[in-house]
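Peer 1: using only what follows, build the 3D model:
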Amino acid sequence: MMRSMYSGVSGLRVHQTKMDVIGNNISNVNTAGFKSSRVTFSEVFSQTLQGASGANAATGRGGTNPMQIGLGVDVASIDNIMTEGASQRTDNPLDLKIEGEGFFIVDDGTGPKFTRAGAFRPDDFGNLVTPEGYRVMGWPVDGNNDIQQGMVEPLSIMSPQNLYSDPEATTDVYVEGNIDLNDPQLATDNGVPFTFNFYDNLGYRYTAEFNIVEDGDNYQIGLTNIYNSNGDPIDENDMPDFDLELEFDATNGRVVGDGLGELNGLVNAAGEEFGDINIDFSSLTLFSGNTNIDAHRGDQDGYGAGSAAGTLSGYSVGPDGIILGTYTNGDVKNLGQIVITEFRNPSGLEKIGNNLFAATNNSGEFDGIGMDPTANGGSLNGGVLEMSNVDLSQEFTEMITTQRGFQANSRTITTTDEMLQELVNLKR
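Peer 2: Below you'll find the model as predicted:
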């Protein structure tokens with residue numbers, strides 16, 4: 001009779017354990033990146049009262065099944081359910097959700113740990129960290145801001161290298177528009193003026209002033225002045241030479257030849273020559289209409305425009321985990337790449353708190369390198385957080401069955417106690 005008493009006690013214990021797991025699941029229903037758990041039971045063992053026997057021709061009896069009494073229940077497993085959680089839009093550029101398999105890699109000071117909670121932020125030193133201050137790991141950039149794939153390192157999006165964007169000297173300018181051959185201003189000494197801005201290699205801005213003057217059947221283009229950013233003309237000794245004669249095809253009104261000029265011998269604000277500027281006039285036309293000439297920094301694809309020095313003004317994370325920094329001068333640079341890692345058996349990871357998992361012998365090992373989030377068809381979704389995968393309807397259902405199981409086991413103990421009381425009462 002005592003067997004039923006102990007079976008009831010074991011039933012109470014495992015249902016209490018299951019209720020503990022359900023309670024933890026429900027308490028983390030709004031925890032970012034949380035993975036729910038489930039409990040499975042197994043019987044302990046059985047006491048055999050009589051073994052099985054086969055058919056016996058000598059006695060003429062058939063076979064008999066074993067007679068056994070189970071001795072209770074035990075917890076077979078507490079499994080991590082690694083299904084993907086729901087998405088919550090936050091519009092924070094450093095809130096990231098992994099679309100697909102994998103885990104973010106962070107360093108808690110004792111080694112790499114793993115998480116699905118992508119709520120990252122920069123600290124005061126520009127390190128990319130979790131809310132608990134654990135540093136996010138990934139691939140850094142080299143001196144040319146190219147991603148360096150290799151062993152993961154703590155990412156710093158506001159390192160001194162990333163805070164500023166170097167200036168670039170203007171190397172190309174293209175001029176477009178139309179020249180009306182009947183424009184009387186073309187025949188004057190001042191001609192038709194046009195200007196463009198350019199940068200030296202130190203990021204100082206200048207304005208170059210040109211004019212176009214009619215010269216017989218051709219058109220002479222000359223440099224009249226260059227002004228610094230204060231509007232003052234530069235020293236005459238620093239003025240480069242420029243002289244270009246444009247010829248137009250009378251049959252189609254377009255420039256004959258490549259229409260290229262070169263502004264060379266330019267001197268920067270520190271008095272040193274810094275390079276040449278190629279000026280493309282090939283887009284000019286000689287059609288009927290008004291004279292309208294526009295000059296633009298950069299070639300016709302926008303390259304070589306040059307820029308002033310810039311400071312970091314914002315950042316974003318692409319689907320491949322590459323962090324792009326934007327600068328006040330319009331420049332865009334790679335600041336690093338957030339990588340992920342996958343495990344053969346993610347359910348074998350061990351929860352260690354703070355939304356972190358640690359690798360175990362049953363999960364597989366981290367190779368120290370990680371992988372591009374898009375390598376296996378996944379991606380990172382910026383401005384979105386992965387929430388808990390707890391299913392409340394399932395948890396409440398489990399709670400009901402667990403409560404009834406606990407009640408039934410307690411009733412077993414009560415009934416067994418009453419039977420023991422009746423047994424004691426036999427002797428008066």
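
Peer 1: distance of G62 relative to G51?
Peer 2: 15 Å (C-beta to C-beta, to the nearest Å). Yep, even glycine has a C-beta here, placed from its N, CA and C like the rest.

Peer 1: go ahead and confirm P66 touches G54.
Peer 2: No. The pair P66 and G54 fails to qualify as a contact (C-beta atoms under 8 Å) at a distance of 11.9 Å.

Peer 1: tell me which residue is most central in the protein.
Peer 2: G321 (3.5 Å; C-alpha atoms, centre = their mean).

Peer 1: show me what contacts that one?
Peer 2: By C-beta atoms under 8 Å, 6 or more residues apart in numbering, the residues touching G321 are G138, Q337, I338, V339, I340, D372, P373, T374, L380.

Peer 1: now swap in L181 and tell me
Peer 2: E214, L286.

Peer 1: and it, how far is that from L260?
Peer 2: When L181 is compared with L260 (using C-beta to C-beta), they lie 22 Å apart.

Peer 1: picking up where we left off before, G109: which of the contacts of G321 is nearest?
Peer 2: G138 (17.3 Å; C-beta to C-beta).

Peer 1: what about the closest one, how many residues nearby?
Peer 2: By the criterion of other C-beta atoms under 10 Å, G138 has 23 neighbours.

Peer 1: my guess is it meets I340, correct?
Peer 2: No. Look at G138 against I340 with C-beta under 8 Å: they stay out of range, at 9.2 Å.

Peer 1: joint contacts of these two?
Peer 2: With C-beta under 8 Å, 6+ apart, G138 and I340 have common neighbours I105, G321, G370.

Peer 1: check contacts around the nearest residue in space to the second one that is not next to it in sequence.
Peer 2: Excluding its sequence neighbours, the residue lying closest to G321 (C-beta to C-beta, 6 or more residues apart in numbering) is I338, at 3.9 Å. Residues touching I338, when contacts are defined by C-beta under 8 Å, 6+ apart, comprise L96, F104, L128, V136, G138, L155, V317, G321, I323, P373, L380.

Peer 1: quick check: I338 vs G370, distance?
Peer 2: 9 Å.

Peer 1: overlap of the contact sets of these two?
Peer 2: With C-beta under 8 Å, 6+ apart as the test, I338 and G370 both reach G138.

Peer 1: quick one: low-confidence residue ranges for the stretch 301-428 of the chain.
Peer 2: 428 (pLDDT under 70).

Peer 1: all strands for it, in order.
Peer 2: In the stretch 301-428 of the chain, the strands defined using DSSP state E, counting those that start in this stretch lie at 310-317, 322-327, 332-338, 340-341, 350-353, 356-358, 379-382, 384-386.

Peer 1: including distance to G72, could the ones you listed go into a markdown table?
Peer 2: As requested, the strands of the stretch 301-428 of the chain are exported to a markdown table (distance: least, C-beta to C-beta, whole Å):
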| stretch | distance to G72 |
| --- | --- |
| strand 310-317 | 52 |
| strand 322-327 | 55 |
| strand 332-338 | 49 |
| strand 340-341 | 41 |
| strand 350-353 | 28 |
| strand 356-358 | 32 |
| strand 379-382 | 48 |
| strand 384-386 | 39 |
